Structure formats: structure tokens, C-alpha cells
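In: missing the sequence, but the structure's below:
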């Protein structure tokens with residue numbers, strides 16, 4: 001089992017931190033995340049990250065000594081979260097130094113694969129998770145950052161557009177084209193012969 005946690009998407013983790021800033025409950029479990037529709041069917045990944053950061057213990061209970069900065073201002077929150085990240089990713093910071101906060105995904109993926117002996121997919125997700133946590137430090141208003149951006153609905157969910165039919169303009173009698181009677185077609189040879197036979201018989 002990998003030592004460093006990961007999650008496939010970034011939205012679930014940002015929503016979790018935004019909700020915890022509003023109020024950190026005494027216990028965080030799958031039911032808590034489900035009540036706020038966070039990480040459906042992936043609650044265990046979020047909980048494992050919170051445990052890795054020592055924000056909750058193995059039973060899901062809040063760790064008082066590591067969560068006090070959630071109730072402070074933005075500066076206190078950023079300072080507290082940075083200290084939490086440096087403690088959780090101590091080996092990463094020891095080997096990469098301050099560059100770990102700004103390292104690209106490829107470098108971090110290589111590091112996690114070598115340190116954790118994971119696959120390329122898991123290493124990429126571990127790198128994405130480790131890169132997302134430091135990004136939370138640079139946000140002045142974290143609640144705005146945690147608010148998911150509106151997404152465009154798929155075509156099969158979008159409301160169908162009304163097709164505007166082009167209305168035919170009614171023309172006034174003066175603008176209407178005059179109807180020209182069609183010229184009578186000349187009689188054919190057969191019709192002429194039939195008329196001659198009728199006349200002779202009479």
C-alpha cells in the first residue's frame with residue numbers, strides 16, 4: 001500500500017478544506033463528506049489525506065493541536081497549513097528543499113515512484129496531490145477558491161434551444177407578382193387526327 005496518499009481529482013480536496021474552514025467538526029468520516037456531497041464514492045481517499053496530514057486520527061477524530069489554525073484568519077491558516085505540509089512531507093523537503101513547493105509534476109512523479117515503489121499512474125496522482133496542497137497557501141480568500149467553478153452541461157443534459165422559425169413576410173397586394181395565365185399547349189397530331197375522324201363520322 002502506498003505510503004503517500006493521493007486522489008484522482010482536485011475538486012474534492014479543495015471543497016473539503018473549504019468546508020473545514022467554515023467549521024471543523026469533532027469527527028470527520030464518510031458520512032460527514034456525504035452530507036456535503038464531497039467526493040462521492042471516493043470519501044476514503046479524502047479521509048486518508050486528512051489522516052496523513054495529522055488533522056484527524058485513525059478514528060476520524062479531530063486532532064486539536066493540529067487544527068487550531070483553521071479558525072484563524074488567512075495568514076494564520078496559511079502558516080499553519082505550511083507547517084503541517086512540511087511535517088507530513090518531511091522526507092520530500094529534506095531531499096528537495098524549498099524547491100519541493102514549486103517542483104513540476106514530472107519531477108515529483110519520479111520522486112514518489114522511487115520513494116514509494118508505485119506505478120506511473122499512482123505516482124502522478126501522488127505528485128498532483130502534493131502539488132495541490134502548497135497551492136492552497138497562496139490563496140488570499142480560501143472560501144472563494146473552494147467554490148467550484150460552474151461547468152457546462154453535457155449536450156444530453158443541456159436544455160434544448162428553441163429554433164426560431166423565419167416568419168414569411170406578408171406582401172401587400174401592390175408588391176405581389178401578377179399571375180400570368182399559362183398559354184395553352186398546341187394540340188398534338190394524335191388529338192388532331194381524332195378530331196378529324198369525329199367530324200367525318202358526323
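Out: Structure received. Small disclaimer: the values here were computed from a predicted structure and weren't measured.
In: any idea of the mean pLDDT for the helix or strand hosting residue 18?
Out: Take DSSP states H and E as the rule and residue 18 turns out to sit in helix 11-22. Mean per-residue pLDDT for helix 11-22: 92.
In: who are the packing partners of that helix?
Out: helix 43-52, helix 120-135, helix 142-146 (3 or more C-beta pairs under 8 Å, 6 or more residues apart in numbering; DSSP states H and E). C-beta here means a position set from N, CA and C on the backbone, and glycine is covered the same way.
In: can you show me the helices along this protein?
Out: 11-22, 30-35, 43-52, 64-67, 74-88, 90-96, 105-116, 120-135, 142-146, 189-201 (DSSP state H).
In: mean pLDDT added to the helices and strands packed on helix 11-22, as JSON lines?
Out: Shown next, in JSON lines, are the helices and strands packed on helix 11-22 (pLDDT from 0 to 100):
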{"stretch": "helix 43-52", "mean pLDDT": "96"}
{"stretch": "helix 120-135", "mean pLDDT": "87"}
{"stretch": "helix 142-146", "mean pLDDT": "38"}
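In: please parse the protein into its domains.
Out: The record's domain parsing of the chain by automatic domain parsing lists 8-71, 90-141.
In: okay, those in a markdown table with mean neighbour count and distance to residue 83 next?
Out: Formatted as a markdown table, those follow (neighbours: other C-beta atoms under 10 Å; distance: least, C-beta to C-beta, whole Å):
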| stretch | mean neighbour count | distance to residue 83 |
| --- | --- | --- |
| domain 8-71 | 16 | 8 |
| domain 90-141 | 16 | 11 |
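In: where does this protein dip in pLDDT?
Out: Applying pLDDT under 70 to the chain flags the ranges 1-2, 134, 136-202.
In: still on that earlier bit, which of the helices of the chain sits closest to residue 5?
Out: Among those, helix 43-52 comes nearest to residue 5, with 4.4 Å by C-beta to C-beta.
In: who's in contact with the residue lying closest to residue 60 once chain neighbours are set aside?
Out: In space, and not counting its chain neighbours, residue 60 is closest to residue 29: 4.6 Å by C-beta to C-beta, 6 or more residues apart in numbering. Residues in contact with residue 29 (C-beta atoms under 8 Å, 6 or more residues apart in numbering) are 43, 47, 60.
In: would you confirm that the first one contacts residue 36?
Out: No - with contacts counted by C-beta atoms under 8 Å, residue 43 stays clear of residue 36, the gap being 10.7 Å.
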